[in-house]
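>>> need a structure here:
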Amino acid sequence: MPVKPDQQPQLAPTTRPSVIILVDGEQREFPPPRLVVDDRNGKTVALLMSDDPPQAINDDYAGNSYYIEMEFDDALPTVRGQVWVYEAPNSDKQDSPNGIFLEGNRKQLQPFQVKVQFQQVDGGDVAWISGTFHFYHNNDAQPSLPRVVTVTGRLPVTLP
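Purely as a prediction, here's the structure:
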């Protein structure tokens with residue numbers, strides 16, 4: 001016998017622990033972090049990214065996300081205790097997937113002067129992100145001078 005629409009089994013909502021990142025002092029909610037660490041050409045590369053929900057690919061998605069690729073000078077056994085520092089070569093808007101994305105992909109914060117520290121705190125691993133980013137509206141055909149915003153956040157990660 002077919003199941004009527006009002007008799008469909010209800011799926012338990014998935015709980016995805018979010019993280020809070022301060023953007024210019026304002027608390028913004030983001031999906032939990034994922035950290036992927038790999039060796040490329042004798043160097044360690046760490047990708048710190050949000051574990052976005054499936055609907056993040058939709059044009060009407062209004063959530064926040066982040067993607068930061070960090071390259072270290074050497075092949076490291078772990079990134080625990082390491083500090084990655086980035087300074088943009090200039091103030092121009094970069095064609096790069098790196099950054100923090102607000103309201104889907106409508107607003108982008110591009111790294112300008114950023115530091116990520118990987119530490120063990122209270123028995124767990126964290127990535128501390130801090131620094132300044134350039135703020136852009138991605139629908140601007142002619143981007144104006146970017147506004148500089150400060151970003152700080154403590155992201156729980158699992159370090160190799």
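
>>> alpha carbons only for contacts and neighbour counts from here, please
Fine.

>>> run a quick neighbour tally on residue 61.
Burial measure for residue 61: 15 neighbouring residues, criterion other C-alpha atoms under 10 Å.

>>> how near is the residue nearest to the spatial centre of the chain to residue 155?
In the chain, the C-alpha closest to the average C-alpha coordinate belongs to residue 66, at a distance of 2.2 Å (C-alpha atoms, centre = their mean). Taking C-alpha to C-alpha, to the nearest Å as the criterion, residue 66 is separated from residue 155 by 11 Å.

>>> one step back: ok, and the closest non-adjacent residue to the residue nearest to the centre of the chain?
Distances taken as C-alpha to C-alpha, 6 or more residues apart in numbering put residue 100 closest to residue 66, at 4.2 Å, once the chain neighbours are dropped.

>>> cool, and residue 42?
Take residue 42 and drop its neighbours on the chain: the residue closest to it by C-alpha to C-alpha, 6+ apart is residue 75, 5.4 Å away.

>>> how near is the one you found to residue 37?
When C-alpha to C-alpha is applied, the distance between residue 75 and residue 37 equals 11 Å.

>>> okay, and the common contacts of the two?
Common contacts of residue 75 and residue 37 (C-alpha atoms under 8 Å, 6 or more residues apart in numbering): residue 44.
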